[in-house]
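> The following block contains a protein sequence and its predicted model.
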Amino acid sequence: RQAIIEQRFEKLNARQREAVFQTDGPLLILAGAGSGKTTVLINRIINLLRFGQGLTDPFAPEWATDDDLLFLAEYLNDPKPENRARAEHLCAVRPAKPWEVIAITFTNKAARELRERLELALGDEEAASAVWAYTFHTACLRILRRHVDLLGFESAFTIYDEDDKKRVITNVMKKLNLDPKTFDPRTVMGMISRAKDKLMTPKQFAADAAGDYFREKVSDIYRQYEKEMKKACALDFDDIIMKTVLLLQNNPEVLEFYQHKFRYVLVDEYQDTNYAQYVLTSLLAGYYENICVVGDDDQSIYKFRGATITNILEFEKQFKDAKTIRLEQNYRSTGNILNAANEVIRNNVGRKGKELWTDHGAGAKIKLHRSDSQEGEAGYIADTIREGVEQGRRWGDFAVLYRNNVLSDNIAAAFIRAGVPYRVYKGRDFFSRAEIKDMFAYLWMIENPADELRLRRIINVPARKIGDKSVETAMQAAVENGVTLYDVVCHASGYPALSRGAAAMEKFGEMIENLRRLREFVSLSELYDELLDKSGYLRALQLKGGAEEESRIEHIEELKSYIVDYEEKNENPSLGDFLENMALYTDADQSGEDEDAVIMMTMHAAKGLEFPVVFLAGMEDGLFPGFRAMEKEEDMEEERRLCYVAVTRAKEQLYLTCAERRLLYGRTQYAHPSRFIDEMPEELLDSNIVESRRFSAATAPDPTLDRPQVMRARYVSAGAAKPGASVAPAKPAVPLPDYAAGDRVRHRAFGDGMIVSVKPMGGDALLEIAFDQKGTKRLMAKSASLFMQ
Ligand code: ATP
Ligand code: MG
């Protein structure tokens, strides 16, 4: 039997196997990038489910069928202590049941991959999906939903995203007569978020703020904000964690249930957990203490969101019997890439310190390419990828990573011109569109009519002759009568103050009520169709019929595809569950992942992932590291960790690209190559920069840089850039693609079409385009947002 088990995990190295077989007790796996931490985590679960503690336990049962366990259960209450002890022991070493395992990952995508790999290994879909492989937020929502009554909410709860949250905060500030110029809502939001990360209630926040005028006011906002959220039965993202912790802390029987349920608790990317998440994991693992956390202090990149590296550094102190296993062999990258990463991260002072090695050989040098402009950079990336594909790579082997999403448009434009298929991951872009938020507001209303914010958003969208004044009056009436705004709206004619708007309000209320009833009888997608119709939303757009409205209609239809997709993937689809899913959704979760396309995403989003070829674009001081980070050593260290994460995503080839001149936020800026590049040993680089410009430039060398600067020759602007069709002309004017009659283009709203004529006008061009579906239209090239096909 032992042999079978050993064989099952023979691909792992000795240290990794040790981590897999260390089934019980607290375990910390602390290791650098690409050393197989996630791999170990998955194999650990497989071992737990298949074999349990078997390998390390001399008394391990040779059997563990369900019948055996039933038999065991009888002995657990046997009057003879030796029988009981034996039965308890056998219970402790038996293989785990899938529902006894909770594995927390950082993204939904990672959770899904984990489930898929379990399914593959176990050959049992049901078992794989019974494991709680979730993100913190999804796991907490599952818990919260089951115990919603204990939260003091009257109905199903609503989730507010950052945008909703800002609205509530702004409303609260208005009520409290606080000037948004002094109290920037974003700053206030951040402070409240950080308070919740630390599990601080408004009361504690107030106590902490005493004497500090600004914080005292924020504490007033926080208190009022919580009241509004409670009234609306709403939770924000931070609440999802904090309220779960409070639920467990205040309800011993609930806590006991989950503590006994989860025999094994595992957390990946533990270095990016915040205090609330730390408390949560500790609570869940509080009974068995079979907790395994996996992480890398050098990859902690979410400090700005409240993550604290203390969690990982103090693990051994927190759990006295904790075992720590370090992995040092990197299986992902070639030597040059790994060395570059090691050398960069070495400059951080506050770290535990570890070195990675690989037996993959040095591999290709890291390519450093500086272009004269951002178009040059984008063109270089596009051309290089095309060449790679001609030589046999897939598009999907390439990833372009950047510090900041603003860089993506320019690169995407070059990809379109060069015919490179790509996919940009932008988080929740789609969900922040006004029409999509409107649709979700309707859906949330159907789920939870107490949601005042959503009600106010849509009560007059489309226009229903319900003015702001009437809504204000209704809100007052609600406060005076101690009922919800929705209640007032539904019975508006009973409130004399509402006289004129009453009929329209009641009609609106009736529409929502009808939809609420309907949802018991129809599928989600049918409900959605009905909503589009009965709300009059679709008709209002169709009546207007402009380009803008056309594109909104497209998005509304696109949302339907999310609903259908959800219905297909879930056995018991429900509106509440769908809305929760969508609240936590990012476009990285989208299906269609198998399509062969270049991946574009931020460095943050790439955490945990790997690609054969990686481009790090915009490697310039000011962009990466960002200007603000350069002022503070602590922030520089966080940026440097991000650089370490980014570099270590590459398996075979790494490209660092930068531009001498870049148009950003409407201004042309000149930049030096990133100081992180200087931290990489020159012999690892194959560079087109021949001499450092850092010292020749107007700015003095940065005194915070204690390493001697590698002198590199001046960039030879004309010769070095690869002359390619997509490299823009040297003119720094705003780039316009070279449109020509006969080109096929795509417009967001009008669809596909062909350019009939191009007439240059100033720095722009008037295009006449014959659209396949929508007839001929004349558009200005710059504002038309066309895509070349
Ligand atoms: P990160 O810090 O980036 O999250 P990680 O430590 O989680 O990285 P993994 O993603 O688990 O590392 O593994 C990196 C790569 O190495 C994967 O492609 C994995 O399949 C491979 N790998 C891990 N362990 C071994 C092994 N023992 N033999 C061969 N390949 C391995
Ligand atoms: Mg990992």
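Everything's here; your move. Residues are numbered from 1 along each chain as shown. Ligands and ions are numbered 1, 2, ... in the order given.

> mind listing the helices for the stretch 201-350 of the chain?
Assigned by DSSP state H, counting those that start in this stretch, the helices in the stretch 201-350 of the chain fall at 202-209, 213-231, 237-250, 252-261, 275-284, 310-313, 315-318, 335-345.

> which other helices and strands contact the third one?
Secondary-structure packing of helix 237-250 (3 or more CB pairs under 8 Å, 6 or more residues apart in numbering; DSSP states H and E): helix 136-146, helix 185-197, helix 252-261, helix 275-284. Every residue, glycine included, has its C-beta placed from N, CA and C.

> Of those, which is nearest ligand 2?
Closest approach to ligand 2 among the helices and strands packed on helix 237-250 (CB to the ion): helix 136-146, 16.0 Å.

> tell me what the closest one is packed against?
strand 101-105, strand 132-135, helix 237-250, helix 275-284, helix 575-583.

> Can you report how many residues lie near Asp468?
10 (other CB atoms under 10 Å).

> Between the helices of the stretch 201-350 of the chain, which one is closest to Pro95.
helix 252-261 (16.0 Å; CB to CB).

> which of the residues in the closest one are buried?
By neighbour count on 16 or more other CB atoms under 10 Å, the buried set for helix 252-261 is 254-255, 258-259.

> Closest to Thr158 out of those residues?
Using CB to CB, the buried residues of helix 252-261 come closest to Thr158 at Val254, 21.9 Å.

> Contact residues of this protein facing ligand 2?
Residues of the chain lying close to ligand 2 (CB under 5 Å from the ion) are 37-38, 608.

> between those, which has the most around it?
Lys37 (25 neighbours).

> how much space is there between that one and Gln16?
Look at Lys37 and Gln16: by CB to CB, to the nearest Å, they are 9 Å apart.

> any residues in contact with both of these two?
Here Lys37 and Gln16 share the contacting residues Leu327, scored by CB atoms under 8 Å, 6 or more residues apart in numbering.

> Could I get the full set of strands for the stretch 351-500 of the chain?
366-373, 398-402, 422-424 (DSSP state E, counting those that start in this stretch).

> angle of the first one against helix 335-345?
In this case it means strand 366-373. On the basis of axes from the mean of the first three to the mean of the last three CA atoms, to 10 degrees, strand 366-373 is oriented at 70 degrees to helix 335-345.

> list the helices and strands strand 366-373 packs on?
Under the contact criterion of 3+ CB pairs under 8 Å, 6+ apart, strand 366-373 touches helix 335-345, helix 374-390, strand 650-664, strand 685-687.

> can you redo those as TSV with mean neighbour count?
Formatted as TSV, the helices and strands packed on strand 366-373 follow (neighbours: other CB atoms under 10 Å):
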stretch	mean neighbour count
helix 335-345	24
helix 374-390	22
strand 650-664	23
strand 685-687	17
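
> For Val172, find the nearest of the ones you listed.
strand 650-664 (34.4 Å).

> just checking, what packs against the helix or strand following that closest one?
As assigned by DSSP states H and E, the chain's next helix or strand after strand 650-664 is strand 667-670. Applying 3+ CB pairs under 8 Å, 6+ apart, one finds that strand 667-670 contacts strand 650-664.

> Pull up the pairing partners for the strand it packs on, direction included.
If you go by DSSP bridges, strand 650-664 pairs up with strand 366-373 (parallel), strand 611-616 (parallel), strand 667-670 (antiparallel).

> mind giving me JSON lines with those strands and columns for mean neighbour count and distance to ligand 1?
Shown next, in JSON lines, are these (neighbours: other CB atoms under 10 Å; distance: least, CB to the nearest ligand atom, whole Å):
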{"stretch": "strand 366-373", "mean neighbour count": "23", "distance to ligand 1": "18"}
{"stretch": "strand 611-616", "mean neighbour count": "24", "distance to ligand 1": "11"}
{"stretch": "strand 667-670", "mean neighbour count": "12", "distance to ligand 1": "32"}
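
> so Cys233 sits right up against Phe157, yeah?
Yes. Cys233 is within contact range of Phe157, at 4.9 Å (criterion: CB atoms under 8 Å).

> Please say which of these two ends up with more neighbours.
Neighbour totals were compared for Cys233 and Phe157, and Phe157 leads with 27 against 22 (other CB under 10 Å).

> How much space separates the more buried one from Arg346?
47 Å.

> Quick check: buried residues in stretch 112-128?
112-115, 117-119, 121-122, 127-128.

> now, among those residues, which is nearest to Ser282?
Leu114 (21.8 Å).

> how deep is the nearest residue to that closest one once chain neighbours are set aside tucked in, by neighbour count?
Among residues not flanking Leu114 along the chain, Ala133 sits closest, at 4.5 Å (CB to CB, 6 or more residues apart in numbering). Using other CB under 10 Å, Ala133 is surrounded by 28 other residues.

> Tell me, how many residues neighbour Glu74?
Look at Glu74: counted by other CB under 10 Å, it has 10 neighbours.

> quick one, the helix ranked longest in the chain and helix 575-583 angle?
Secondary structure of the chain per DSSP state H: the longest helix is helix 547-569. Taking the same axes, to 10 degrees, one finds helix 547-569 and helix 575-583 inclined to each other by 120 degrees.
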